[in-house]
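In: 3D, please:
(one chain, ligands or ions: 1)
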Amino acid sequence: MALNIILLGPPGAGKGTQAAHLVATHAMVQLSTGDMLRAAVKAGTPVGLQAKAVMEAGELVSDEIVSALIDDNLAAMPDSAGAIFDGYPRTAAQAHALDAILTARGRKLAFVIELDVDEDALVDRITGRFTCATCGEGYHDRHKMPAVADSCDKCGGHEFKRRPDDNAETVRTRMAEYRAKTAPILPIYEERGLVRRVDGMADMADVSAAIEAILQSA
Ligand code: AMP
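Out: Numbering: from 1, shown residues only. Predicted coordinates for the structure are as follows:
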C-alpha cells in the first residue's frame, strides 16, 4: 500500500531536500504547498496574486487555498504512489482538512516525521541558500559554493536564484508562525501514535537514513 507521510519542521529544517531524496528513491510524490504557491505567483494566477504579499511577509496563506491545492494535486496522483506532504499542514484547520481529504481519497497517514532543529542555525542556513535556476541544485554562501564560480556543479548552468522570503527579517516571522501555529498540531498526531522524530541537524545523508529506517518500519 502507498505510504503517505508528513514532513514537519520549521523553515530551513531540510523538508524539501529530504522530500526530493524520497522522490528519487521511492515511488513517492512530493506535495509542497510552498512550491505550488511559488508556481502560482510566477504564473500570475488568481491564487498567486492573493498569495504573493502574504508569502513575502512570511505569513501564512489561507487554509482554504492551500487545502484546495493539496486536494487537486492528490487527485492527479496515481493511487499506487505515496504522498509526501512538505510544508502542509501548517495549522490545526489544515490538519483536519487533510484528514478529510485523505479519507475521501481512500488514503491513510503512515507517519508524521518531525525534523528537530536548532533555530539559530536555521537562520544561518536559510539566509545563505540559493539554487541553480536550471536544475534546482541547492547551494549555500557559507557551506556549499559551486566548485567553479558561477557554474552549477550538476548541470553547468550559470543562472542562480534566491527565494524572496529568504531574508533574515522574513525568516524570523516564518519561525514565529511555525512556533505559534504549526508546532501545536503535533499533539494531534502524537495522540494517534504517528509522530517520529529525526535529528535535522545531522548530515543530510544521516537524516535520509533515519527517515528510511522509519519508512521500513511501516
Ligand atoms: P515554504 O516553501 O514551505 O517555506 O513556504 C513558503 C511560504 O508559502 C510560507 O512562508 C507561507 O507564506 C506559504 N505557505 C506554504 N505552505 C503553506 C501552508 N500549508 N499554509 C499556509 N501558508 C503556506
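In: what's the distance between the most centrally placed residue in the chain and the ligand?
Out: In the chain, the C-alpha nearest the mean C-alpha coordinate belongs to residue 86, at 3.2 Å (CA atoms, centre = their mean). Remark: distance between residue 86 and the ligand (CB to the nearest ligand atom, to the nearest Å) = 7 Å. C-beta here means a position set from N, CA and C on the backbone, and glycine is covered the same way.
In: enumerate every residue touching that residue.
Out: Residues near residue 86 by CB atoms under 8 Å, 6 or more residues apart in numbering: 7, 15-16, 19, 30-35.
In: ok, the residues you listed vs the ligand, which is closest?
Out: residue 34 (2.1 Å; CB to the nearest ligand atom).
In: enumerate the residues of the chain near the ligand.
Out: 11, 33-34, 37, 54-55, 58-61, 66, 87-88, 90, 94, 165, 174 (CB under 6 Å from any ligand atom).
In: restricted to buried residues, select these in ChimeraX.
Out: For the buried members of these, the matching ChimeraX selection, counting by 16 or more other CB atoms under 10 Å, is:
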select :11,33,34,37,55,58,60,61,66,87,88,90,94,165,174
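In: just the residues of the chain next to the ligand: which are in helices?
Out: 33-34, 37, 54-55, 66, 94, 174 (DSSP state H).
In: and stretch 195-213, what's buried?
Out: By 16+ other CB under 10 Å, the buried positions in stretch 195-213 come out as 195-196, 198, 200-202, 207-208, 210-211.
In: helix or strand with the lowest mean pLDDT in this structure?
Out: Each helix and strand of the chain was given a mean pLDDT (mean pLDDT, DSSP states H and E); the minimum falls on helix 119-127 at a mean of 87.
In: strand partners of the very next helix or strand once past it, parallel vs antiparallel please.
Out: Scanning forward in sequence from helix 119-127 by DSSP states H and E, the next helix or strand is strand 129-132. Partners of strand 129-132 in the sheet, by DSSP bridges, are strand 138-140 (antiparallel), strand 160-161 (antiparallel).
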